[in-house]
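Colleague: please work out how this folds:
(2 chains, ligands or ions: 2)
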Amino acid sequence: MSVLVYTQNWDGKFKKSSFELVSYASKVADMLNVSVIALSIGAVENDELKKLGNYGAGKILNVNNEQCKILDNQVYTNIISQVALKEKSSVIIISNNNEGKAIAPRLSVSLKAGIGSGVSKLPVNLNPFTVYKRTYSGNAYAQVVINSEIKILTLAQNSFDLFETTNNSVIEDLNISVDSSLLKTEVKDVQKMAGKILLTDADIVVSGGRGMKSPDNWGPIVELAGLLGAATACSRPVSDEGWRSHDEHTGQTGKIIAPNVYIAVGISGATQHLAGISSSKYIVAINSDKDAPIFEAAQYGIVGDAMKVLPKLIEAVKELKK
Amino acid sequence: MKILVCISNVPDTTTKVKFVEADTKFDTTGVQWVINPWDELSLTRALELKDDPSTGVKSVTVAHVGPASSEPTIRKALAIGADDAIRVNTEPSDGYYVASQLAEVIRKEQFDIIMCGIESSDFNGSVTGGMIAEFMNIPSVSAVSGLKIENGKPLLTREIDGGRETVSVPTPFVAIVQKGIAKEPRIAAMRGIMMARTKPVKIYEPMEAQSLTKFIVFEKPRPRAACKYIDAENPGLLIQLLQNEAKVI
Ligand SMILES: Cc1cc2nc3c(=O)[nH]c(=O)nc-3n(C[C@H](O)[C@H](O)[C@H](O)COP(=O)(O)OP(=O)(O)OC[C@H]3O[C@@H](n4cnc5c(N)ncnc54)[C@H](O)[C@@H]3O)c2cc1C
Ligand SMILES: Nc1ncnc2c1ncn2[C@@H]1O[C@H](COP(=O)(O)O)[C@@H](O)[C@H]1O
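Modeller: Ligands and ions are numbered 1, 2, ... in the order given. Sure, this is the predicted structure:
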């Protein structure tokens, strides 16, 4: 028996979220009294693979064949499914990011394994196996029982702390073949946005709403974000108006994020906006209307005109950096 | 080319979420039910493709797994412009069960493009589309923010970390859509509402299938600590609090 954790890599590197995932998997494995096996697919150097061991992975499996050069959901599902059966995994842990959401449901059918999606805590009970998950777009949480032999959990990003251990780990190259007829995805074109901090990875996010009045007023938001090492975000009307690019839109119909701090400037705090940010550890609101609903969700608030407050905040951060 | 849009029926996004029977059931009193926002956008894109004769899209069907009480949501999709609808007459008990039912319908009716949303706004499962594809052993493309058809060939844009890719897969396939697929949801015009009454809704009885998960109890998020206000004249204090009290910068 084992807990299997699938750790995605980005151009051969892991991210903090990969280590969160392994930390989570090793705590689940402790509860079940079994070992953790980490699976990496694609070209990753041994030095990088070894890092997974620091968070509790006893065995690190590496699959790197021709078919996995592009993300084809059927190919990836087939590989993970084969490994899970071989390793007799009773729990499989995957990130709740784009790739995880693409693979986990297919894996569920392939292994007849129920999914607890977007879990943010360790299982609350082992018998029956019960997980804790976000529902109603963050307006509630639920306990969900998974009835199948094998269980799949997708972990919400930034919801679990890193735990380092001094485990001895072994790395194994696995030769797994996939029927080449499975690979059906053809990539025609790739556009990468270089140098931008990814919104879904960021620890700090500075976000602007319609209260910023015009796209020309975004300078201070971008500057503050730059100083804090933060990503920039926006509310839906801002991206709908084309003031900011669509991939910055947070909320129910945009990105769902959980940074350590979310600084909302000129955002009223509509439920659909909060649905995307309510899992942030801290919310800071800057708004000229003291009755704006965003203050009910915030832990820190400044009632004032963003165009006056932001320059002062920027000065304060510069002061701090000195 | 035939497109199927899978729609789920969810509480309006501004609903005050409450629970009854010792927090085991969602309180439906006074709730307005709507088409899941993603599915409304899928439907809009499917209709845009059908409006353009060069795409070869001949029909747009909507499918829903749910009891008769969700008919108004199906009628709304027909009013927006879907040609016909299929309803599998059963409670949608979990994603695995729903996907089993939809896969069965798709096998019988045959579609080229099957569209699902990235998540239902109630249970936030994010599973149905991928499950349908695996049940049918057909390709799925996830995080789809664009769909067009060129020379009879569907081309999809999918979001990847830090960018996007244009990909193609052979039909039939499942597209799991997210932001960007369409701009504004299309709304029903008077004529559409009139016509919706006469459009066909085919009812399927459910096939034998299992559920693998069960919601047992709900809770409201813990109320957060009350907001600490900082004087607008001295925002430097905010930076100090974030550094020393919250310890996040
Ligand atoms: C199905 C559906 C899905 C939706 N999904 C999303 C979503 O994913 N994300 C999202 O954001 N929205 C979403 N919305 C829209 C949402 O309901 C709100 O309309 C939107 O969030 C409001 O954006 P805002 O806060 O930027 O603008 P507004 O509501 O216009 O608020 C602007 C705020 O700025 C303040 N302000 C004005 N001037 C200043 C100043 N000088 N200094 C400081 N503050 C100032 C005002 O007091 C006000 O609070 C959705 C709506 C629907 C129906
Ligand atoms: N009961 C249902 N009937 C038809 N389609 C559904 C149903 N439930 C979910 N879907 C589809 O699956 C998508 C994702 O839902 P979920 O997996 O429940 O988060 C939705 O956007 C719909 O396209």
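Colleague: give me the pLDDT value at the residue nearest the centre of chain B.
Modeller: Residue closest to the average C-alpha location in chain B (CA atoms, centre = their mean): residue B:117, at 3.3 Å. On pLDDT, residue B:117 comes in at 98.
Colleague: pLDDT weak spots in chain B?
Modeller: Applying pLDDT under 70 to chain B flags no residue at all.
Colleague: what is the residue nearest to the centre of chain B paired to in the beta sheet?
Modeller: Taking DSSP bridges as the rule, residue B:117 bridges to residue B:177.
Colleague: and it, how far from chain A?
Modeller: 10 Å (CB to the nearest CB, to the nearest Å). For the C-beta atoms, the positions are set from N, CA and C on the backbone; glycine is no exception.
Colleague: can you check residue B:90 too?
Modeller: For residue B:90, the distance to chain A - CB to the nearest CB - is 18 Å.
Colleague: any idea how far that residue lies from residue B:176?
Modeller: Distance, residue B:90 to residue B:176, using CB to CB, to the nearest Å: 23 Å.
Colleague: these two: who's more crowded?
Modeller: residue B:176 (31 against 17; other CB atoms under 10 Å in any protein chain shown).
Colleague: list the residues that contact the residue nearest to the more buried one when sequence neighbours are not counted.
Modeller: Using CB to CB, 6 or more residues apart in numbering or on different chains and skipping the chain neighbours, the partner closest in space to residue B:176 is residue B:129 (3.8 Å). Contact analysis of residue B:129 by CB atoms under 8 Å, 6 or more residues apart in numbering or on different chains lists A:105, B:6, B:114, B:116-118, B:140, B:142, B:174-176.
Colleague: distance from stretch A:314-322 to the middle of the chain?
Modeller: 30 Å (CA atoms, centre = their mean, to the nearest Å).
Colleague: pLDDT averaged over it - what is it?
Modeller: Rounded mean pLDDT across stretch A:314-322 is 92.
Colleague: contacts only, for the residue of chain B found nearest ligand 2.
Modeller: Residue nearest to ligand 2 within chain B: residue B:117 (2.3 Å; CB to the nearest ligand atom). Contact analysis of residue B:117 by CB under 8 Å, 6+ apart lists B:6, B:8, B:36-39, B:41-42, B:129, B:176-178.
Colleague: at 7 Å instead, please
Modeller: B:36, B:38-39, B:42, B:177 (CB atoms under 7 Å, 6 or more residues apart in numbering or on different chains).
Colleague: could you count how many residues lie near residue B:245?
Modeller: Neighbours of residue B:245 (other CB under 10 Å): 12.
Colleague: just give me the neighbour total for residue B:159.
Modeller: Residue B:159 has 20 nearby residues by other CB under 10 Å.
Colleague: what sits opposite it in the beta ladder?
Modeller: residue B:164.
Colleague: repeat for residue A:10
Modeller: Applying DSSP bridges, one finds that residue A:10 bridges with residue A:13.
Colleague: still on that earlier bit, most surrounded residue in the contacts of residue B:117?
Modeller: residue B:42 leads the contacts of residue B:117 on contacts (other CB under 10 Å) with 34 neighbours.
Colleague: surely it is in a strand?
Modeller: No - going by DSSP: H, G, I helix; E, B strand; the rest coil, the assignment for residue B:42 is helix, not a strand.
Colleague: wait, what's in contact with it?
Modeller: B:5, B:115, B:117, B:177, B:181.
Colleague: now residue A:169. Nearest residue, chain neighbours left out?
Modeller: residue A:53 (3.0 Å).
Colleague: any idea of the pLDDT on that neighbour?
Modeller: Reported pLDDT for residue A:53: 96.
Colleague: secondary structure class of it, three-state.
Modeller: helix.
Colleague: how near is it to residue A:40?
Modeller: Counting by CB to CB, the gap from residue A:53 to residue A:40 is 12 Å.
Colleague: OK, contacts around the residue nearest the centre of chain A?
Modeller: Taking CA atoms, centre = their mean, the centroid of chain A lies closest to residue A:157, which sits 3.1 Å from it. By CB under 7 Å, 6+ apart, residue A:157 lies in contact with A:17, A:95-97, A:200, A:258.
Colleague: can you select the buried ones from those in ChimeraX?
Modeller: To isolate the buried members of those in ChimeraX, using 16 or more other CB atoms under 10 Å in any protein chain shown:
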select /A:17,95,96,97,200,258
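Colleague: ligand 1: which of the contacts of residue B:42 is nearest?
Modeller: Distances from ligand 1 to the contacts of residue B:42, taken by CB to the nearest ligand atom, are shortest for residue B:117, at 11.9 Å.
Colleague: quick one: that closest one and residue B:176, what's the gap?
Modeller: 7 Å.
Colleague: where do the helices of chain B begin and end?
Modeller: B:37-51, B:71-80, B:95-109, B:128-136, B:190-196, B:236-244 (DSSP state H).
Colleague: closest to residue A:319 out of these?
Modeller: helix B:236-244 (7.0 Å; CB to CB).
Colleague: that closest one: how far from the chain's middle?
Modeller: Relative to its chain's centre, helix B:236-244 lies at 41 Å (CA atoms, centre = their mean).
Colleague: does the longest strand seen in chain B reach chain A?
Modeller: Looking across chain B with DSSP state E, the single longest strand is strand B:140-150. Yes - with CB under 7 Å from any CB of the partner chain as the measure, strand B:140-150 is seen reaching chain A through B:140, B:142-143.
Colleague: other SSEs contacting that strand?
Modeller: helix A:98-111, helix B:128-136, strand B:153-160, strand B:173-177 (3 or more CB pairs under 7 Å, 6 or more residues apart in numbering or on different chains; DSSP states H and E).
Colleague: any idea of the angle it forms with helix B:128-136?
Modeller: Going by axes from the mean of the first three to the mean of the last three CA atoms, to 10 degrees, strand B:140-150 is angled at 90 degrees with respect to helix B:128-136.
Colleague: each with direction, which strands does strand B:140-150 pair with?
Modeller: strand B:153-160 (antiparallel), strand B:173-177 (parallel).
Colleague: hmm, it in reach of ligand 2?
Modeller: No - shown here: strand B:140-150 not in contact with ligand 2 (CB under 6 Å from any ligand atom), separated by at least 11.1 Å.
Colleague: that strand: how far from the chain's middle?
Modeller: Here strand B:140-150 is found 15 Å from its chain centre; the criterion is CA atoms, centre = their mean.
Colleague: up against ligand 1, what does chain B have?
Modeller: B:13, B:37.
Colleague: quick one on the thing from earlier: which one of the helices of chain B is the most hemmed in?
Modeller: Among these, the stretch with the highest mean neighbour count (mean count of other CB atoms under 10 Å in any protein chain shown) is helix B:128-136, at a mean of 27.
Colleague: angle of that helix against helix A:98-111?
Modeller: Using the same axes, to 10 degrees, helix B:128-136 lies at 40 degrees relative to helix A:98-111.
Colleague: still on that earlier bit, which single one of the contacts of residue A:157 is nearest to residue A:306?
Modeller: Closest to residue A:306, out of all of the contacts of residue A:157 and judged by CB to CB, is residue A:258, at 23.9 Å.
Colleague: name the SS class of that closest one, please.
Modeller: Strictly by three-state DSSP, residue A:258 counts as coil.
Colleague: hang on, isn't it packed against residue A:160?
Modeller: No - counting by CB atoms under 7 Å, residue A:258 does not reach residue A:160; the two are 10.5 Å apart.
Colleague: how near is residue A:256 to chain B?
Modeller: From residue A:256 to chain B the distance is 9 Å (CB to the nearest CB).
Colleague: measure stretch B:200-214 end to end?
Modeller: End-to-end distance of stretch B:200-214 (CA to CA, to the nearest Å): 33 Å.
Colleague: need the residues that contact it.
Modeller: A:114-115, A:144-148, B:74, B:84-90, B:93-94, B:96-97, B:100-101, B:104-105.
Colleague: centre of the chain to it, how far?
Modeller: 17 Å.
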